[in-house]
Each structure stands twice: as structure tokens, then as C-alpha cells.
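Colleague: quick one: sequence and predicted model below, then my questions.
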Amino acid sequence: MERSRKVRIGYSFAMPFQIHPLKEFIVQPALPPALSRLGELAYNLLWSWDHSVRAVFRRLDEKLWKSCGSNPVLMLGRIPQATLERMANDPRYLSVYKNACERLDQYSTLQPDPDDGKLIAYFSMEYGLVDCMPIYSGGLGVLSGDHLKASSDSGFPLVAVGLLYQKGYLQQYLNADGLQLERNPVNDFYTLPVREVTTPDGQELIIHVSLGSIQVGVKVWKMDVGRVTLFLLDTNIPENASPEDRAITDQLYGGDIHKRIRQEVVLGIGGIRALRALGLSPTVYHMNEGHSAFLAIERIRLLMQEHGLRFEEALEASRHNNIFTTHTPVPAGIDLFDAGNLHTYLGPYCEQNGIDFQKFLSLGRRNPFDQGESFSMAICAFQASAYRNAVSRLHREVSQEMWQDLWPGLPVWEVPISYVTNGVHLRGWLNGELAQVYDQYLVPD
């Protein structure tokens, strides 16, 4: 008798941000006991760079694997039950499956020492991890994704924070006339390798941030990237009655300046609150580009509130473990917000927490006394961090010239911006067949 299939019923949101039942409800198959860990393998992105784990899904049904966009979660929701039962009795496939489980177990055994107390919190606006998870647009996201994979391989104690976009970034294609067009496919989170974070009593984890006089609910999701966890923030939830609030995380780099401010408040301030709600106490906060610089003001607020520090003391106390990586080599690429817009969204936040709004604005200005100067997210990140790096030696020189006036008493070559040259996660980019050739003729790994 064919095993009955478990059905998971959820909801997705689509424009104009109303609740719609999912068209495809089956996202959890009834796995045979012999293949009970397929779901565990699907939800850990180790499969994206370990080809022996990836082979489990490709060998299960290669045609379906390709048609699902190399997305094992979607694949497991669509695969016929008869196929699962047949493969559960195939000794050759079971050998591949057993090897994948052993690889995951072996990989997971190398964990950071929990007693040393170190934990890095990495914030980025986008992450390029796998094709089926389009929450990135280009180089910044690819670097962030490779950073997580390399940190996982190295066993670094790292957690990451980002936004979970309903539509991600645009996809380009050519029509029949050869014209370049764009489309924005809607992500269905219940068929992607991302899961809801729940509280100990089984409820969805939702934190709140203030945007002016409005409290916005933010749901927390997670992705397992090898040994590293990426937490993703989502405002498209029923608790937010306003379509404008639900749309905050609908699209990467979409909308106007108001939406950009709201996204970056959710990322920076909301990200800190999400980590605290999870019981995590990072020892280092890494801002990948200036989008997440508002985390600095939230850290200052917490130090003022919990330790009775003045603004200047809290700033100095938080600076020593903030890190900022700058990517943009031209001033035009920096996020700039005028004081009026910032006051709309962060004025009440500062007032309620005893933060002088002008002192807050001075963090993002070259001249702290120029009230007409726009607030720069990059300058805020520079001034709130004790360590700053560019992404190549040449970029360091460019950045030192761009930002020399932040340290007016120093010659350009002494401006305190270091560099770490961008690299790639080699195993993630290497073709599987080439990897086997290299392992055969050189040394594995």
C-alpha cells in the first residue's frame, strides 16, 4: 500500500500584499524510513558546494532536479511517492544516500569552541548563496554568500543577518526580438531551503521595530549554510495591517528613498533585536557595506539603557567591536538621507530613548556642525567602527583618498582603512566533474 504523504499548509503573499493560499501545498513528502534524512540534507546548503551531497538529489530524479531549478526542497515536494519507495530499495542509491549523510555528519562535528565566548554577527543587504534563492543582485551578494560558506568550512563562530525578499531582484531575459526585458518572480518561502524560526512554545518568532510612530512586526526565518546560520527578516506578515509596511521587504533595491530607509532600519535595528530575541550575544559586529549601519545606533541605545552610559560613552564602548567593510569606490554609490526623512522614521526612536537627534545625525556627516549636510550611511559606519577595510589593495588607496577628510590630521596613506582582497569560495564555484579530476590526480580538498 502506498504511503500517505504529509501535507504542510501555509500561506504566501503576492501583490498587492494580500493573503493567498499556496497553489502547491505539498512541501513535505512522506519519506520512507530508509531515506528519512532527505529533508535534513535538503535544508542545509552544504549540498550547494559538496557534490557528494548534491548527488543524492540529482540521482533521485535528474530530470525533476533540473526542472525544479536545482532546489531540493521544491523537488521533494513534487517527487512521486512511487519514486521514493523505489529508490529506498535501490542498493546503489542507498550507497549514495549513506555517503551524503556521513558527509553531513562528519562536516557538522567541527564546531567552534562554545566556551571561548566568541561570536561574529555578519550583516549584509544581500546574499548570493544558491540560484534558487534570488535574494542578491551582484558582487556584494556573491561575496556575502561566499563569506558564509568559507566561514562554515573554517569553523568560525559566525551568524549572519539579512532581509528575506518576496520578489528578490529582477531577472533579465531576451524576448523573441532580442530585446532585454526584466521580470520579478515571487518567492514562495515554503518551497525554498529556508525555515521559520520558532519560540520555545512553538510560535513564530516576531520582533518589532519603530518606524516613526508605527510599530512594524518582523518575522524571523533561517537558512542553514553548512555550520553557519543565516537569519532573514520578513515584514510581509498578517500582523502588519498596512500594505506599505508589508512591502518593506518585498524587493531588493526597489522603491524610493523612504523604502530604502525603512529597509535599512529593519536590517540594522531589527537585526540586533532578532539576535537578542534568539539569545545570541555577538562579540563582533561586521557591517558588509553601509546598509546595516543603523545597528550602531541600536547598540548605543542598549548600552545607554542597560548600563547608564552617556551617548559619547556608549559610542566609544560599541566602536571597539564594530567592523565595516566598504565596497563602493565612488561617492555616487553611497546611501545619503536628508535630516527630514530620517527624523520622520528615527526621530521618535531617538526621543523615546534619550538620544539627542543632532548627535545621531553627526555620526553620518563629514562636518558634524553642518545641519544642511545629508546623512551618509558609509560615514556612519566608518565613525562607529574601530576597524575598517576595503576589498583590495587598490580599493584601499581609492577609499583612503575618498574619506581622508574624516581624519583631517592624517596624510592620505595613514588614513585608517585596511584591505582584505575579495576571494571566492573555491568549492562552491568548482564544477563537480573537475573536482573529481583534481581529487584523483592531486590531493583531495
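Modeller: Okay, I see it.

Colleague: contacts only, for residue 239.
Modeller: Contact partners of residue 239, counting by C-beta atoms under 8 Å, 6 or more residues apart in numbering, are 206, 217. Quick note: C-beta positions are derived from backbone N, CA and C, even for glycine.

Colleague: regarding it, what is its secondary structure?
Modeller: Put simply, residue 239 is coil when judged by DSSP: H, G, I helix; E, B strand; the rest coil.

Colleague: would you map the helices across the stretch 101-250 of the chain?
Modeller: Ranges of helices within the stretch 101-250 of the chain are 139-154, 243-246, based on DSSP state H, counting those that start in this stretch.

Colleague: out of those helices, the one nearest residue 174 is which?
Modeller: Residue 174 lies closest, by C-beta to C-beta, to one member of the helices of the stretch 101-250 of the chain: helix 139-154, at 22.8 Å.

Colleague: which regions of the stretch 301-445 of the chain sit below the pLDDT cut-off?
Modeller: Counting by pLDDT under 70, the ranges of the stretch 301-445 of the chain that qualify are 444-445.

Colleague: so which residues of it form strands?
Modeller: 322-325, 336-337, 375-376, 387-390, 418-419 (DSSP state E, counting those that start in this stretch).

Colleague: could you dump those into CSV and include mean neighbour count and distance to residue 353?
Modeller: Converted to CSV, the strands of the stretch 301-445 of the chain look like this (neighbours: other C-beta atoms under 10 Å; distance: least, C-beta to C-beta, whole Å):
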stretch, mean neighbour count, distance to residue 353
strand 322-325, 22, 19
strand 336-337, 18, 19
strand 375-376, 22, 18
strand 387-390, 20, 26
strand 418-419, 14, 33
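
Colleague: CSV for those, including distance to residue 343?
Modeller: Formatted as CSV, the strands of the stretch 301-445 of the chain follow (distance: least, C-beta to C-beta, whole Å):
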stretch, distance to residue 343
strand 322-325, 24
strand 336-337, 10
strand 375-376, 10
strand 387-390, 27
strand 418-419, 34
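
Colleague: packing partners for the longest strand along the chain?
Modeller: Counting residues, the longest strand found in the chain (DSSP state E) is strand 214-225. Contact analysis of strand 214-225 by 3 or more C-beta pairs under 8 Å, 6 or more residues apart in numbering; DSSP states H and E lists helix 139-154, strand 195-196, strand 206-211, strand 228-234, helix 271-277 as its packing neighbours.

Colleague: let's see 6 Å
Modeller: In terms of contacts (3 or more C-beta pairs under 6 Å, 6 or more residues apart in numbering; DSSP states H and E), strand 214-225 is packed against strand 206-211, strand 228-234.

Colleague: check the offset of the shortest one from the chain's centre.
Modeller: Once both centres are worked out by C-alpha atoms, centre = their mean, to the nearest Å, strand 206-211 turns out to sit 18 Å from its chain's centre.

Colleague: what angle separates that strand from strand 228-234?
Modeller: Counting by axes from the mean of the first three to the mean of the last three C-alpha atoms, to 10 degrees, strand 206-211 points 60 degrees away from the direction of strand 228-234.

Colleague: what angle sits between strand 206-211 and strand 214-225?
Modeller: Angle of strand 206-211 versus strand 214-225, following the same axes, to 10 degrees, is 130 degrees.

Colleague: strand 206-211: partners in the sheet, and parallel or antiparallel?
Modeller: Here strand 206-211 has these sheet partners by DSSP bridges: strand 214-225 (antiparallel).

Colleague: what lies in contact with the strand it pairs with?
Modeller: Defining contact as C-beta atoms under 6 Å, 6 or more residues apart in numbering, one finds that strand 214-225 is touched by 43-45, 148, 152, 164, 194-197, 204-209, 229-235, 237, 239-240, 245, 266, 270, 274.

Colleague: and the residue nearest the centre of the chain?
Modeller: The centroid of the chain falls nearest to residue 162 when counting by C-alpha atoms, centre = their mean (3.2 Å).

Colleague: residues touching that one, list them.
Modeller: Residue 162 makes contacts with 124, 127, 232, as judged by C-beta under 6 Å, 6+ apart.

Colleague: so what pairs up with it in the strands?
Modeller: The partner residues for residue 162, given DSSP bridges, come to residue 232.

Colleague: okay, it: pLDDT?
Modeller: With respect to pLDDT, residue 162 has a value of 98.

Colleague: next one: the one 4 residues further on
Modeller: The predicted structure scores residue 166 at 91 on the pLDDT scale.

Colleague: state the distance from the closest residue to it other than its chain neighbours to residue 236.
Modeller: With sequence-adjacent residues excluded and distances taken as C-beta to C-beta, 6 or more residues apart in numbering, residue 166 is closest to residue 250, at 4.5 Å. For residue 250, the distance to residue 236 equals 6 Å [C-beta to C-beta, to the nearest Å].

Colleague: need the overlap of contacts for the two.
Modeller: With C-beta under 6 Å, 6+ apart as the test, residue 250 and residue 236 both reach residue 166.

Colleague: looking at the helices of the stretch 101-250 of the chain, which is nearest to residue 404?
Modeller: Ranking those by distance to residue 404, with C-beta to C-beta as the measure, places helix 139-154 first at 24.0 Å.

Colleague: neighbours around residue 66, how many?
Modeller: When neighbours are counted by other C-beta atoms under 10 Å, residue 66 registers 11.

Colleague: find the helix or strand that it is a member of.
Modeller: Residue 66 belongs to helix 62-67 when assigned by DSSP states H and E.

Colleague: now do the same contact list for the closest residue to residue 146 other than its chain neighbours.
Modeller: Residue nearest to residue 146 in three dimensions, not counting chain neighbours: residue 425, with 3.9 Å by C-beta to C-beta, 6+ apart. Contact analysis of residue 425 by C-beta under 6 Å, 6+ apart lists 146, 149-150.

Colleague: could you redo the last one with a cut-off of 8 Å?
Modeller: Per C-beta under 8 Å, 6+ apart, neighbours of residue 425: 49, 145-146, 149-150, 153.

Colleague: so how far is residue 406 from the spatially closest residue to residue 419 that is not a sequence neighbour?
Modeller: Residue nearest to residue 419 in three dimensions, not counting chain neighbours: residue 396, with 3.7 Å by C-beta to C-beta, 6+ apart. Noted for residue 396: a distance of 15 Å to residue 406, by C-beta to C-beta.

Colleague: hmm, back to that, you'd agree the residue nearest to residue 166 is up against residue 167?
Modeller: Yes - if you go by C-beta atoms under 8 Å, residue 250 and residue 167 touch, sitting 5.6 Å apart.

Colleague: dump stretch 323-341 to CSV, restricted to CA.
Modeller: Backbone C-alpha positions of stretch 323-341 (Å, rounded to 0.1, in the frame of the first residue of the first chain) are rendered in CSV as follows:
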residue,chain,number,x,y,z
ILE,A,323,33.9,46.2,11.8
PHE,A,324,33.0,47.9,8.5
THR,A,325,33.8,46.6,5.0
THR,A,326,33.4,49.3,2.3
HIS,A,327,32.8,48.3,-1.3
THR,A,328,31.8,51.4,-3.1
PRO,A,329,34.6,53.3,-4.9
VAL,A,330,32.6,56.3,-6.0
PRO,A,331,30.7,58.8,-3.9
ALA,A,332,27.6,58.5,-6.0
GLY,A,333,27.1,54.9,-4.8
ILE,A,334,26.7,55.8,-1.1
ASP,A,335,23.3,55.9,0.5
LEU,A,336,22.5,59.5,1.5
PHE,A,337,19.4,60.6,3.5
ASP,A,338,18.3,64.1,4.4
ALA,A,339,17.7,65.0,8.0
GLY,A,340,13.9,65.5,7.5
ASN,A,341,13.4,62.0,6.2
